[in-house]
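**Student:** Make a model of this:
(one chain, ligands or ions: 1)
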Amino acid sequence: MTIERTSVSTSTTPTPDIGTLPPLGEVPTRMHVQAVRPDRYGDPATAFQHELVDTPAIGPDEVLVAVMAAGINYNNVWAARGYPVDQVAVRNKRGEVEDFHVGGSDASGIVYAVGSAVTDWQVGDHVVVHPGVWDADDPWIARGRDQMIAPSAKIWGYDTNYGSFGQFARVQSHQLMPKAEQLSWAEAAAPTLVGTTAYRMLHGWAGNTVQEGDLVLVWGGSGGLGTQASQLVNAAGGRAIAVVSGDDRGEYAMKHGAIGYIDRRRFDHWGVPPLVDDKAGQKEWTAGARAFGKAVWELVGGREDPAIVFEHPGAATIPTSIFLCQPGGMVVICAGTTGFDAMVDLRYHWTRQKRFQGSHGTNDAQAYAYNDLVRAGKIDPCVGRVLSFDDIPRAHAEMGRGEEVFGNTVILVGADDPAAGRQ
Ligand code: NAP
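**Tutor:** You can find the predicted model right below:
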């Protein structure tokens, strides 16, 4: 879909410094960003650079948001590497002219300009942004189907340009949600991408949605997704067990909804298991997976297997996740951080009638339901570190190395104080 966009900048408005804003509704022609360019793809520490670029124009259904704080997500580790997708090349193929990527899929901010067809948001509104974008005229969506499965569905600030790592972000109006009044700008920017993704994984797949009393195994229990997943399980009356590497991470997970944790470093059966004909190898692998399952039983005090396994490590853990999941249960996955080639032993998969479900992003209804829980104070945004604009490259490099995995890292953009923004 080609969008006719109009500039909303005024040449007399100077580019504000980071940590400041222009007068409400006044948009400068240039803005500070942390941009990735294809000739810098690789280590996020050097792929991102502080630059000045033109402030984006907006289309009739779009909104320009002055970003107060931005959340860091793993997707821009991938974008900075240019792997597995070269986002700039994909967009250039679609006809977009920019030769850079301004990512960032989480924002809190203030509406500075609205497109001509936007009726439900006004300049001055305090908002957060969910990451699901799609074409308004997508025939799949017109038929009333799930927006996030539509051929045009994308993740804002990863698949699209002008995310939250710039002073002004361009969003579709349906992505906007009211900011929780009790949260600072930094807190509000932290959880939406991981929280809405976790909400869809746990509530979006009819027949296997989380139910009162359900046991759910959550990989990466101290991380961005994991801390949101455990809280959502808790809110639904279920019990989350976190998998982590280290007691400090386990304790963090238990502060955020998990009833217990397993340190995965005690086990070594990870990755692709020996093939079916390798009887000795299979026996050894199964003993490892069973020992891990026993650790779950010890935590729950009985022989109970998880109704849902919340997956994102991928290749390293999928065989164990599917082995452990109870018959009729679901392994739901949204990433393959450790690798994309995972093995399923189909004998057990069909006879025990388990479900292996992919999940990606969020649709509007799921995002709004999640944001209602945040606004009601039922979900902690799990802010890990609050960093400055020029820490964006370092924060992604550390995330890519698996360091500092405690909740969600946040960057101050228009805000100059981590506590500012609470009402
Ligand atoms: P994060 O905060 O960095 O957490 C990643 C977690 O993975 C860590 O807590 C780590 O926990 C765990 N981990 C690392 N290596 C592991 C291994 N070999 N085995 C088991 N666990 C391992 O990242 P995140 O924000 O939760 O995101 C995780 C992944 O999901 C990323 O690839 C991201 O791109 C993806 N994602 C996808 C979507 C979507 O819509 N499709 C949305 C959000 C995120 P321990 O070391 O403590 O075990």
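
**Student:** interface residues of the stretch 251-400 of the chain facing the ligand?
**Tutor:** R264, H312, P313, A316, T317, C334, A335, T337, T338, H360, G361, M399 (Cβ under 6 Å from any ligand atom). Quick note: C-beta positions are derived from backbone N, CA and C, even for glycine.

**Student:** just the buried members of those residues?
**Tutor:** R264, H312, P313, A316, T317, C334, A335, T337, G361, M399 (16 or more other Cβ atoms under 10 Å).

**Student:** In helices only, show me those.
**Tutor:** Mapping these onto helices (DSSP state H) picks out M399.

**Student:** Longest helix in this structure, please.
**Tutor:** Max-length helix for the chain by DSSP H is helix 279-300.

**Student:** That one - contacts with which helices or strands?
**Tutor:** strand 215-219, strand 239-244, strand 258-263, helix 318-324 (3 or more Cβ pairs under 8 Å, 6 or more residues apart in numbering; DSSP states H and E).

**Student:** Extract the CA atoms of the second one and return them as PDB.
**Tutor:** Coordinates of each C-alpha in strand 239-244 appear next as PDB, following Å, rounded to 0.1, in the frame of the first residue of the first chain:
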ATOM      1  CA  ARG A 239       1.500 -21.000  38.400                       C
ATOM      2  CA  ALA A 240       4.700 -20.100  36.500                       C
ATOM      3  CA  ILE A 241       8.000 -21.900  36.900                       C
ATOM      4  CA  ALA A 242      11.000 -19.900  35.600                       C
ATOM      5  CA  VAL A 243      14.000 -21.400  33.900                       C
ATOM      6  CA  VAL A 244      17.100 -19.200  34.400                       C
END
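
**Student:** For my notes, confirm S108 occurs in a strand.
**Tutor:** Yes - looking at S108 with DSSP: H, G, I helix; E, B strand; the rest coil, it is inside a strand.

**Student:** of all the residues in the stretch 51-200 of the chain, which ones are close to the ligand?
**Tutor:** That would be N73, Y74, N75, L193, V194, T197, which are the residues of the stretch 51-200 of the chain within reach of the ligand (Cβ under 6 Å from any ligand atom).

**Student:** Reformat these as CSV; add secondary structure.
**Tutor:** Output for these, formatted as CSV (three-state DSSP):
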residue, secondary structure
N73, coil
Y74, coil
N75, helix
L193, helix
V194, helix
T197, helix
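
**Student:** Now for the residues you listed, which sits with the most neighbours around it?
**Tutor:** L193 (34 neighbours; other Cβ atoms under 10 Å).

**Student:** can you put the helices and strands packed on helix 279-300 in TSV and add distance to H269, mean neighbour count and mean pLDDT?
**Tutor:** Listed next are the helices and strands packed on helix 279-300 as TSV, based on distance: least, Cβ to Cβ, whole Å; neighbours: other Cβ atoms under 10 Å; pLDDT from 0 to 100:
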stretch	distance to H269	mean neighbour count	mean pLDDT
strand 215-219	15	27	98
strand 239-244	13	27	98
strand 258-263	13	20	98
helix 318-324	7	24	97
